[in-house]
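# below are the sequence and a predicted model for it; my questions follow.
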There are 2 protein chains.
Amino acid sequence: MKEVTVYAPATVANVVCGFDILGFALNEPNDILVMRTVNKKGVTIINKDDYNLPTIPEKNVIGAALLALLDEVKEDIGFEVESTKIIKPGSGIGSSAASAAGCVVGANHLLNNRFSNEDLVRFAMFGEKVASGVKHADNIAPCIYGGVTLIRCIHPLDIVPITSPSLWVTIVHPQIEVKTSDAREILKKQILLKDAIRQWGNIAGLVVGFMKSDYDLISRSLVDVIVEPIRSILIPGFDEVKAKSIDTGALGGGISGSGPSIFMLSKDEATALAVEKTIIEIYNKIGIDFHTYVSTINNNGIKVIDNDILQHK
Amino acid sequence: MKEVTVYAPATVANVVCGFDILGFALNEPNDILVMRTVNKKGVTIINKDDYNLPTIPEKNVIGAALLALLDEVKEDIGFEVESTKIIKPGSGIGSSAASAAGCVVGANHLLNNRFSNEDLVRFAMFGEKVASGVKHADNIAPCIYGGVTLIRCIHPLDIVPITSPSLWVTIVHPQIEVKTSDAREILKKQILLKDAIRQWGNIAGLVVGFMKSDYDLISRSLVDVIVEPIRSILIPGFDEVKAKSIDTGALGGGISGSGPSIFMLSKDEATALAVEKTIIEIYNKIGIDFHTYVSTINNNGIKVIDNDILQHK
């Protein structure tokens, strides 16, 4: 029997003007999965937290992703997974993606890395489908690849890793519920061509800014004229958080995923911590519960550690 | 008296998924301007070709651009311009931009380069307004900067030069008239959000492909689901030219500017020439007049040469 411990990081998807196509991974927080192979097809899930997530594999993010992977494994092999969720479900920082991507990366390690990263994204998307009804990859891809990733196209899947300069991320998760399906429902199906042109100028500027390590260009490009004006209404304090974070020195930021978390990018740790302080003051005043995180961008993606003692059993 | 000769290159704007925000300069063809300073405010235009363009400065692309520049010059100084248009007006490869950009770059040289490239784009846009009624910069910016340029935003102007690998461009100009204003009129004011998402995935992929010198990514990203399906109807033979050029080995391509010219990108000269041959066969069969050009991307923009003999008069 082999056993691994998997650290699957939180991720920020959508990234302002990068709606549905851009994401990046964080160094903190991480979900923790302990995974073992068993000599029987199938998946057993043991929850080590208080979220009471379903344990029937087909209804569980981890289960659905691993079943998709096992469909392409000939041997009679299965997985036992102990899941400790640190990333709160529904927070908007890729909680379901961490589960879906973490388990398939761990499984691939246990199977001597027979699958490509693209295969793993494909399997993990079955997990995302259980969570939100949609097979999206903008959290999964950065979770697996690390760094900033562009999902140029989803059919067929085309993932493009993008280099970026050192960046600090301040996250606030206001403890309110925004369902991904609701956040998607309120978007307009039609948009103005002139707004779309502004948006694709900004997304082009943003990816070029990342690749050139041009902080000013990143900052100027962090503008979303299409999704943020609508979705931000669902997040109390959004406008104030954004404006005052930028006043404090942040390059810019916006809604993480479909919310309610908000992320702000900064050039250095001191600014990211000052931005955190600014945000804490705002939410203390508003009076709703919240969590904050300050992290760098995680350029390595999911971390897998062999549990040596058990491996020698 | 000082005199310069200016070579102002043709440019390709819009660049498939880069509608209104992306352009690049060609090495061939070039407009030729001979410019002299005179000791009196104002602009004199002498046409050295058969296009019968207006010579009243306010109604002429060169005149309007130079008047905008002279507005910011204190001295009593003016310009005499002999214009030889090689780039046919209305061809869709930046004919008016070559005039507008060429004259302000030449003027700036005569004034010992007192203005920045951004100033020059700003002046040249007054010329574009005379030509098409719209102050767009997606031909002017690459004409002045050279290479591939992103116009992230027009208000305020934000021009971002983008590196690119060696690329060959095959252009065909079918001799039919497509007015920029008509080509703009037929576009839908509203588009589907899902189409816009595909488009901004592609534009992000395209600029990343240029910067990474990733020909496959460039090729995969050269997809326009919004403008090309509508505008291509105005260009006889478009679908066949595009499909057969790609069969011949082109990376992809589309409408140049608002048409009627079509451009195709290739990795090397042999492919670009084979693509030209393919296109010639198609238009010979259709039976309309056309011109073709094969050129590399011009990374230096407008060329200005001092006319030494006259300078010493």
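Okay, I see it.
# contacts only, for A:Phe126.
Contacts here follow CB atoms under 8 Å, 6 or more residues apart in numbering or on different chains; on that basis A:Phe126 touches A:64-65, A:67-68, A:100, A:135. C-betas here are computed from N, CA, C, even on glycine.
# between the residues you listed, which is closest to A:Ala10?
Proximity to A:Ala10 was ranked across those by CB to CB; first place goes to A:Ala100, at 13.1 Å.
# now do the SS call for the residue nearest to the closest one when sequence neighbours are not counted.
The spatially closest residue to A:Ala100, leaving aside those adjacent along the chain, is A:Gly127, at 2.7 Å (CB to CB, 6 or more residues apart in numbering or on different chains). The local conformation at A:Gly127, judged by DSSP: H, G, I helix; E, B strand; the rest coil, is helix.
# measure A:Gly127 to A:Ile86 for me?
When CB to CB, to the nearest Å is applied, the distance between A:Gly127 and A:Ile86 equals 17 Å.
# look at the two and report which has more neighbours.
A:Gly127 (29 against 16; other CB atoms under 10 Å in any protein chain shown).
# could you look up the SS state of A:Trp10?
Careful, residue A:10 is Ala and not Trp. When the rule is three-state DSSP, A:Ala10 gets the label strand.
# state the distance from it to A:Ile62.
Taking CB to CB as the measure, A:Ala10 falls 16 Å from A:Ile62.
# who's more crowded, those two?
The neighbour comparison of A:Ala10 against A:Ile62 (other CB under 10 Å) goes to A:Ala10, with 33 against 30.
# list the contacts for the closest residue in space to the more buried one that isn't next to it in sequence?
Taking CB to CB, 6+ apart as the measure, A:Ala10 lies nearest to A:Ile93, with 4.2 Å between them; neighbours along the chain are not counted. Contacts of A:Ile93 were listed using CB under 8 Å, 6+ apart, and they are A:10-12, A:26, A:29, A:87, A:171, A:173, A:256-257, A:261, A:263, A:293.
# make a ChimeraX selection of the buried ones in those residues.
Selection of the buried residues among these in ChimeraX, burial being defined by 16 or more other CB atoms under 10 Å in any protein chain shown:
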select /A:10,11,12,26,29,87,171,173,256,257,261,263,293
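# among the contacts of A:Ile93, which are in helices?
When helices are assigned by DSSP state H, not one member of those lies inside them.
# would JSON lines of the contacts of A:Ile93 with pLDDT be doable?
Supplementary listing: those in JSON lines, determined by pLDDT from 0 to 100:
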{"residue": "A:Ala10", "pLDDT": "98"}
{"residue": "A:Thr11", "pLDDT": "98"}
{"residue": "A:Val12", "pLDDT": "98"}
{"residue": "A:Leu26", "pLDDT": "98"}
{"residue": "A:Pro29", "pLDDT": "96"}
{"residue": "A:Ile87", "pLDDT": "96"}
{"residue": "A:Ile171", "pLDDT": "98"}
{"residue": "A:His173", "pLDDT": "97"}
{"residue": "A:Ser256", "pLDDT": "97"}
{"residue": "A:Gly257", "pLDDT": "94"}
{"residue": "A:Ser261", "pLDDT": "97"}
{"residue": "A:Phe263", "pLDDT": "98"}
{"residue": "A:Tyr293", "pLDDT": "97"}
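# show me the strands in chain A, by range?
Remark: strands of chain A, listed N- to C-terminal, are A:3-13, A:22-38, A:42-47, A:78-84, A:148-154, A:157-162, A:168-174, A:190-192, A:252-255, A:262-266, A:290-296, A:303-306; assignment by DSSP state E.
# what pairs with the shortest one, parallel or antiparallel?
Right, the one you point to is strand A:190-192. Strand A:190-192 sits in its sheet next to strand B:190-192 (antiparallel), going by DSSP bridges.
# please apply the same query to the last one.
Using DSSP bridges, the strands paired with strand A:303-306 are strand A:3-13 (antiparallel).
# next, the angle strand A:168-174 makes with the partner strand.
Strand A:3-13 and strand A:168-174 meet at an angle of 90 degrees, taking axes from the mean of the first three to the mean of the last three CA atoms, to 10 degrees as the criterion.
# looking at chain A, which helix or strand is least sure?
Comparing helices and strands within chain A by mean pLDDT, DSSP states H and E singles out helix A:308-311 as the least confident, with a mean of 56.
# could I get the contacts of A:Ile93 as a markdown table with distance to B:Ser232?
Compiled in a markdown table, these are given as follows (distance: CB to CB, whole Å):
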| residue | distance to B:Ser232 |
| --- | --- |
| A:Ala10 | 44 |
| A:Thr11 | 38 |
| A:Val12 | 38 |
| A:Leu26 | 43 |
| A:Pro29 | 49 |
| A:Ile87 | 46 |
| A:Ile171 | 45 |
| A:His173 | 47 |
| A:Ser256 | 39 |
| A:Gly257 | 37 |
| A:Ser261 | 42 |
| A:Phe263 | 40 |
| A:Tyr293 | 48 |
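# picking up where we left off before, of the contacts of A:Phe126, which is the most crowded?
A:Ala100 (35 neighbours).
# now it: how far from B:Asp158?
Distance of A:Ala100 to B:Asp158, given as CB to CB: 38 Å.
# rounded mean pLDDT for stretch A:137-157, please.
Summarised as a single mean, pLDDT over stretch A:137-157 is 96.
# please see if that stretch touches chain B.
Yes: legend: contact between stretch A:137-157 and chain B by CB under 8 Å from any CB of the partner chain is shown at A:150-153.
# now that stretch - C-alpha only, PDB.
Once non-C-alpha atoms are left out, stretch A:137-157 reads as follows in PDB (Å, rounded to 0.1, in the frame of the first residue of the first chain):
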ATOM      1  CA  ALA A 137     -11.400  24.800 -15.400                       C
ATOM      2  CA  ASP A 138     -10.400  28.300 -14.200                       C
ATOM      3  CA  ASN A 139      -9.800  27.200 -10.600                       C
ATOM      4  CA  ILE A 140      -8.600  23.700 -11.500                       C
ATOM      5  CA  ALA A 141      -6.000  24.700 -14.000                       C
ATOM      6  CA  PRO A 142      -4.000  27.100 -11.800                       C
ATOM      7  CA  CYS A 143      -4.500  24.600  -8.900                       C
ATOM      8  CA  ILE A 144      -2.700  21.900 -10.900                       C
ATOM      9  CA  TYR A 145      -0.300  24.000 -13.000                       C
ATOM     10  CA  GLY A 146       0.500  26.600 -10.300                       C
ATOM     11  CA  GLY A 147       1.000  30.300 -11.100                       C
ATOM     12  CA  VAL A 148      -1.200  32.300 -13.400                       C
ATOM     13  CA  THR A 149      -3.000  30.200 -16.100                       C
ATOM     14  CA  LEU A 150      -5.000  31.200 -19.100                       C
ATOM     15  CA  ILE A 151      -7.800  28.800 -20.100                       C
ATOM     16  CA  ARG A 152      -7.900  30.000 -23.700                       C
ATOM     17  CA  CYS A 153     -10.700  27.500 -24.600                       C
ATOM     18  CA  ILE A 154     -12.600  24.800 -22.800                       C
ATOM     19  CA  HIS A 155     -13.800  22.800 -25.800                       C
ATOM     20  CA  PRO A 156     -11.200  21.600 -26.700                       C
ATOM     21  CA  LEU A 157      -9.300  22.300 -23.500                       C
END
